[in-house]
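Colleague: My questions are about this predicted structure, shown below with the sequence.
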Amino acid sequence: MYFDNAATSFPRPDSVIRAVEGWLRCGGAAGRGSHAGAADAAQLLQHCRGLLTRILGVKSLRQIVLTSGCTESLNTVLLGLLRPGDRVIASQLDHNSVLRPLAWLQRQRNVRVDLLGFDAATGLLDERHLECFLSSGPVRLLVLTQASNVTGRVQQVSRLAARAAASGALVLVDAAQTAGHWDCQLEDLGADFLALPGHKGLCGPLGTGVLVFREGAEAFVEPLKFGGTGTESENLEQPLSLPEKYESGNLNMPGIAGLAAAAEWVLGCGVGNLRLNLSAKTDWLLANLRCIAGLRVLTPDVPGEICGIVSFVVPGLGAHEAAAVLEQSFGIRCRAGLHCAPLVHRAMGTESVGGAVRLSVGEFTTQADLERVVAAVGELARECV
């Protein structure tokens, strides 16, 4: 039984597997020639961008930059935007894909980083804390995670983004846990930049990601990479236009073929339907785990607002040990530890016990899977009493 969809979705739709295999058998490289293979690759790129515009709510295909994953997307904005002396607001909920670039920027560019706290009971970021930060001086960037990869709580991003924009700050949204099965459209979120992976809610291959720019926002962000783009080859300067400014080097065409197929699958299912399905499974899992005596559940009890994730601690048993027992004795694959989000665990007092066990459901999780995992966790908790 697979309960690690927050890390990477599994299984993939059959259409995704067929698309990757098909491209490996006959595809070419985009922008690297005028032959039929290169033309096919260019057409696939445009097709993939077009599908993603529909999911992510942007008007132009050029606003869609294809990356190697959410980490590259986030790093592109953070390292390409922030200059010496700038100030950025992030939060305790952020993943190390945000926290580590910001730590480097603090050391190397003297960028000031302020971190929002959150309410453990609701899982929501502290809005009063944000107002305090915004009123204490100019802010270049606000970074918001749309949903915590530890608690699963979906944030009220549009409210927070509007407050930041009113103060003149740009907004970067990390949609790692939401894109594909939650409402995740650039304008609705109020974001200038939207970063997401292809391999989670979108059900695409590993090694794929997307960075979406508000029109004109590319003027603020220098590229991480410089090199061949298949365009303007006579010019020694990097192209300034989207998406070529950020797409140097050969793109991952087999991955993009799979990502396009995954986007088609998401659109065929409907993001709203996928959200309802995910929420129903998550709410059932959360309610039943909360009934297990002695279990400390970190995910807030807010039905309909949790993005596929339920995390918990078994008192007296380390997170990694608990996950090992679940796999070895019950055949359940899940995630244990700090989940690359150490500040969440520090704030919730779970860092010292090795973090938590995280169960994350997906489109292909069945009711039988849910019932079996609750029974297994219940047996594990009883043995530790």
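Modeller: Everything's here; your move.

Colleague: buried residues in the helix or strand bottoming out on mean pLDDT in the chain?
Modeller: Sorting the helices and strands of the chain by mean pLDDT, DSSP states H and E puts helix 36-56 at the bottom, at a mean of 88. Residues 38, 40-42, 44-45, 47-49, 51-53, 55-56 are the ones in helix 36-56 that count as buried (16 or more other Cβ atoms under 10 Å). No exception for glycine: its C-beta is placed from N, CA and C like everyone else's.

Colleague: Would you format those as a markdown table with distance to Cys26 included?
Modeller: Converted to a markdown table, the buried residues of helix 36-56 look like this (distance: Cβ to Cβ, whole Å):
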| residue | distance to Cys26 |
| --- | --- |
| Ala38 | 13 |
| Asp40 | 8 |
| Ala41 | 11 |
| Ala42 | 15 |
| Leu44 | 12 |
| Leu45 | 16 |
| His47 | 16 |
| Cys48 | 17 |
| Arg49 | 21 |
| Leu51 | 21 |
| Leu52 | 23 |
| Thr53 | 26 |
| Ile55 | 27 |
| Leu56 | 29 |
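
Colleague: Nearest to His181 among these?
Modeller: Using Cβ to Cβ, the shortest approach to His181 within the buried residues of helix 36-56 belongs to Ile55, at 10.4 Å.

Colleague: check contacts around the closest one.
Modeller: 179-180, 184, 202, 263, 266-267, 271 (Cβ atoms under 8 Å, 6 or more residues apart in numbering).

Colleague: Who are the contact partners of the residue of the chain most remote from its centre?
Modeller: Distance from the centre of the chain peaks at Glu234, with 36.9 Å (Cα atoms, centre = their mean). Listed by Cβ under 8 Å, 6+ apart, Glu234 has no contact partners.

Colleague: and which of the contacts of Ile55 is nearest to Thr282?
Modeller: Gly180 (14.9 Å).

Colleague: nearest spatial neighbour of the closest one, skipping sequence neighbours?
Modeller: Gly201 (3.0 Å; Cβ to Cβ, 6 or more residues apart in numbering).

Colleague: What's the local residue count around the one you found?
Modeller: Counted with other Cβ atoms under 10 Å, residues neighbouring Gly201 total 32.

Colleague: so is it in a helix, a strand, or just coil?
Modeller: coil (DSSP: H, G, I helix; E, B strand; the rest coil).

Colleague: For Thr8, see how far away it is.
Modeller: 10 Å (Cβ to Cβ, to the nearest Å).

Colleague: how about the residue lying closest to Gly198 once chain neighbours are set aside, what does it touch?
Modeller: The spatial neighbour of Gly198 that comes closest, neighbours along the chain excluded (Cβ to Cβ, 6+ apart), is Thr208 at 3.1 Å. Applying Cβ under 8 Å, 6+ apart to Thr208 gives the contacts 66-69, 197-199, 252, 255-256, 258-259.

Colleague: any idea how far the least confident helix or strand of the chain is from the chain center?
Modeller: When C-alpha coordinates are averaged (Cα atoms, centre = their mean, to the nearest Å), helix 36-56 and its chain have centres 22 Å apart.

Colleague: and if you look at stretch 207-227?
Modeller: 16 Å.

Colleague: before we move on, back to that, tell me the two of the contacts of Thr208 that are most distant?
Modeller: Most distant of those, by Cβ to Cβ, are Thr67 and Gly258, 14.7 Å apart.

Colleague: who has more neighbours, the two?
Modeller: Gly258 (32 against 26).

Colleague: Now that one: which helix or strand?
Modeller: Element membership for Gly258, per DSSP states H and E: helix 253-269.
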